[in-house]
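K.L.:
need coordinates for the following:
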Amino acid sequence: MREKRSFSPPAVGGSSLLVIFAVLCLTVFAMLSLATVQADRRTSDAAADAVQAYYQADCRAEEILAQLRAGAVPDGVTLSDGVYSYACTVSDTQELQVQVRVNGADYTVLQWQEVYTGDWTPDDHLRVWDGDTPQ
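P.N.:
Here you go, the predicted structure:
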């Protein structure tokens, strides 16, 4: 006669839960790392574009300065009291403003500055305490 053997499933409950938890944690960390890398890439691309735009404007300003030193006055350059002034666009909201005094072969740069030219509107919807007590 055959003996009846009882079948008991292997005890994997605790270890299975631990493995599932570890896999979920690693998946969440991987997704967070991917999101961080994408944000860093967007930031670095924007910074590289800004630097490239600035140096293109700087190159145009140097070309205009070379023309001024050669004795030619290009379009867009104004002369006031011996000072040549001009601006080169960097972006929609910034420009490189230059003021140069040219004396023959010598020149003096008075201003070589990137300036914000966009519209600025202050955010004044927040009520701030001015120090007076209400009466």
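K.L.:
check which helix or strand covers the residue positioned nearest the centre of the chain.
P.N.:
The residue lying closest to the centre of the chain (CA atoms, centre = their mean) is Ala47, at 4.4 Å. If you go by DSSP states H and E, Ala47 is part of helix 13-70.
K.L.:
check Glu114 too.
P.N.:
strand 106-116.
K.L.:
pull out the buried residues from that strand.
P.N.:
By 16 or more other CB atoms under 10 Å, strand 106-116 has no buried positions at all. No exception for glycine: its C-beta is placed from N, CA and C like everyone else's.
K.L.:
I'd like the numbering to begin with 581 instead of 1 from here.
P.N.:
Let's use 581 as the start, then, which means that last one is strand 686-696.
K.L.:
endpoint to endpoint, stretch 703-713 covers what distance?
P.N.:
23 Å (CA to CA, to the nearest Å).
K.L.:
and the contacts of it?
P.N.:
Where contact means CB atoms under 8 Å, 6 or more residues apart in numbering, no residue beyond stretch 703-713 reaches it.
K.L.:
secondary structure class for Asp672?
P.N.:
Recorded secondary structure, Asp672: coil (DSSP: H, G, I helix; E, B strand; the rest coil).
K.L.:
give me the distance between the residue lying closest to it once chain neighbours are set aside and Gln636.
P.N.:
Among residues not flanking Asp672 along the chain, Gly698 sits closest, at 7.2 Å (CB to CB, 6 or more residues apart in numbering). Distance of Gly698 to Gln636, computed by CB to CB, to the nearest Å: 19 Å.
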